[in-house]
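Asker: sharing a model that was predicted from the sequence below.
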Amino acid sequence: MKKILITGGAGFIGSHVVRRMVNNYPDYYIVNLDKLTYAGNLANLDDIKGKKNYEFIREDIVKAEAMLQLFKDYDFTYVIHLAAESHVDRSIANPIEFVMTNVIGTVNLLNAARHAWDGKFEGRRFYHVSTDEVYGALGEEGFFTEETRYDPHSPYSASKAGSDHFVRAYHDTYGFPVVISNCSNNYGSHHFPEKLIPLAINNIKNSKPIPVYGKGENVRDWLWVEDHARAIDLILHKGKTGDTYNIGGHNEWKNIDLIHLLCSIMDRKLGRAAGESAKLITYVKDRAGHDLRYAIDASKLKNELGWMPSLQFEEGLEKTVDWYLANESWLNNITSGDYKKYYEQQYVKR
Ligand code: NAD
Ligand code: TYD
C-alpha cells in the first residue's frame, strides 16, 4: 500500500484533496498532517474520518525534529504539501507567521523527505502546491505562464515564492523529485469566511455590509476547488518531475462584478427583491500593495495532461451558495469566537 502524506488537509483546498485521494484510491494510505490553526477544521472531513485508508495527525511543520521523525515512522511514496498560512490580509498584519510556516515549514519537509528517501528517489514525488500570486500583478492584458518571472508583492506571496525557490533548489541541487503547481483563486465549499466569496455570502445572509476594497476593480481568475483537486491528482501521477504547471479557470472577474453576480444569486435564494443584497455593498479602504490582476495561462496543463476546468462560474457559484446556506452550523461554528476578533480588527470603520 502506497503511503501518501498530505499536509494542510484540514484546510479549504487540502480537505478536497484528502477526500478525493481517500475515496478514489482505496489502495493508498492517506496521512493528513495539519496543525489545526484557525484555518484548519476537521469538520471539513467528517464524511471520511472513519475510512480504513485514512489517518489524521495533528502536528506543526515548523517543528524540524517532528518532521524527521514522521518520515522515519512512515515510508511515504508521495508528499502533497498544502499546509500554509494563506490569507494576504493576515500576512500584511503579521508576516513572520508566514515566513515560519510557508518557508521554514516547507524546508523542514523537504529536508525530512530527502534524508528519509536517502537518494532512492525512483517512484517518489514531493508535490508542492503554490499560487499564481508569486508572479505579481498583471495590467489589463496578458497571462501568467510557467516562464513568467517571479515578482511577489505581499508578504504572503513573497513567502510562497521563497518556498517555491527552495523546492526547485532541492531538485537542482540534490536531484530531489519535485513537482510544483501554481494555481489561481479557488472557490467552493468549506472555504474559510475571511476570503472574499465566503465572507460576502456570510455577510449577505446576515444583512451586513459587503466590504469591497478600493474601487472593486481588481481582477481574479476563479477556479472551482474540485477542479484544482483533480488537477493535483493528475499532476501527481502524470506530471514531469522538476516541472511546474499553471492551473487556472480562464475565468476572470472584477471583484465588483463578481459581488453583483453573488448578490443576485443570494436575492433569488433568500427570496429577497432583486437589488436588495447589492445595497449592502460598501467600499472600504484598499488593501496595501493590492495586486491589480491575476490571470493564468493553463495551456501547458491542457496540452500535456488534458486537464480543463469542468464548471461554468455561474453554476459553481450557485452550488457554493447552496452549500453555505445548507451548512449554517459549519459557518456559525467558525464565525463565533476568534473569528469575530479578527473581523473587528480587519474591518475598522474608515
Ligand atoms: P487554508 O488556509 O484554508 O488551509 C491551510 C491549512 O494548513 C490549514 O488546515 C492549517 O491548519 C494548516 N497549517 C497552517 N500552518 C500549519 C503548520 N505550521 N503546520 C501544519 N499545518 C499548518 O489554505 P487553502 O486556501 O486551502 O490553501 C492551501 C494551499 O494552496 C496553500 O499552500 C496555498 O498557498 C495554496 N493555494 C491556495 C489558493 C486559494 O485560492 N485558496 C490558490 C492557489 C494556491
Ligand atoms: P481574497 O479572497 O483575499 O484572495 P486573494 O487576495 O488571495 O486574491 O481576495 C480576493 C479579492 O477580493 C482581492 O482582490 C481582494 C478583494 N477583497 C475585497 O474586496 N474585500 C474583502 O473583504 C476581501 C477579503 C477581499
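Answerer: Structure's in. What do you need? Ligands and ions are numbered 1, 2, ... in the order given.
Asker: for this structure, what lies in contact range of ligand 2?
Answerer: By C-beta under 6 Å from any ligand atom, the residues of the chain that approach ligand 2 are Val88, Asn185, Lys195, Leu196, Leu199, Pro211, Val212, Tyr213, Asn218, Arg220, Asn255, Arg287. In short, each C-beta sits where N, CA and C put it, glycine included.
Asker: and the closest residue to the second one other than its chain neighbours, backbone torsions?
Answerer: Pointing back at Asn185 there. In space, and not counting its chain neighbours, Asn185 is closest to Arg220: 4.5 Å by C-beta to C-beta, 6 or more residues apart in numbering. In this entry, Arg220 is assigned phi and psi values of phi -130, psi 150 (degrees, to the nearest 10).
Asker: do Ser157 as well
Answerer: For Ser157, the backbone dihedrals (degrees, to the nearest 10) come out as phi -70, psi -30.
Asker: what sits against the residue nearest to Asn185?
Answerer: Contacts here follow C-beta atoms under 8 Å, 6 or more residues apart in numbering; on that basis Arg220 touches Ser184, Asn185, Leu196, Glu252, Trp253, Asn255, Leu258, Arg293, Tyr294.
Asker: surely the last one and Gly139 touch.
Answerer: No - counting by C-beta atoms under 8 Å, Tyr294 does not reach Gly139; the two are 11.6 Å apart.
Asker: of those two, who's got more company?
Answerer: The residue with more neighbours, out of Tyr294 and Gly139 and counting by other C-beta atoms under 10 Å, is Tyr294; that gives 23 against 7.
Asker: of the contacts of Arg220, which is the nearest to Asp243?
Answerer: Distance to Asp243 across the contacts of Arg220 (C-beta to C-beta) is lowest for Ser184, with 18.2 Å.
Asker: mind listing what that closest one touches?
Answerer: When contacts are taken as C-beta under 8 Å, 6+ apart, Ser184 is in contact with Asp132, Arg220, Asp221, Trp222, Leu223, Ile247, Gly248, Gly249, Tyr294, Ala295, Ile296.
Asker: pLDDT and secondary structure added to the residues you listed, as TSV?
Answerer: Listed next are the contacts of Ser184 as TSV, based on pLDDT from 0 to 100; DSSP: H, G, I helix; E, B strand; the rest coil:
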residue	pLDDT	secondary structure
Asp132	98	helix
Arg220	98	strand
Asp221	98	strand
Trp222	98	coil
Leu223	98	strand
Ile247	98	strand
Gly248	97	coil
Gly249	90	coil
Tyr294	98	coil
Ala295	98	coil
Ile296	98	strand
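Asker: farthest pair within those residues?
Answerer: Greatest spatial distance in these: Arg220 and Ile247, 13.9 Å, computed using C-beta to C-beta.
Asker: ok, back up a step: a markdown table for the contacts of Ser184, including distance to Ser329?
Answerer: As requested, the contacts of Ser184 are arranged in a markdown table below (distance: C-beta to C-beta, whole Å):
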| residue | distance to Ser329 |
| --- | --- |
| Asp132 | 33 |
| Arg220 | 29 |
| Asp221 | 32 |
| Trp222 | 26 |
| Leu223 | 27 |
| Ile247 | 32 |
| Gly248 | 33 |
| Gly249 | 29 |
| Tyr294 | 33 |
| Ala295 | 36 |
| Ile296 | 35 |
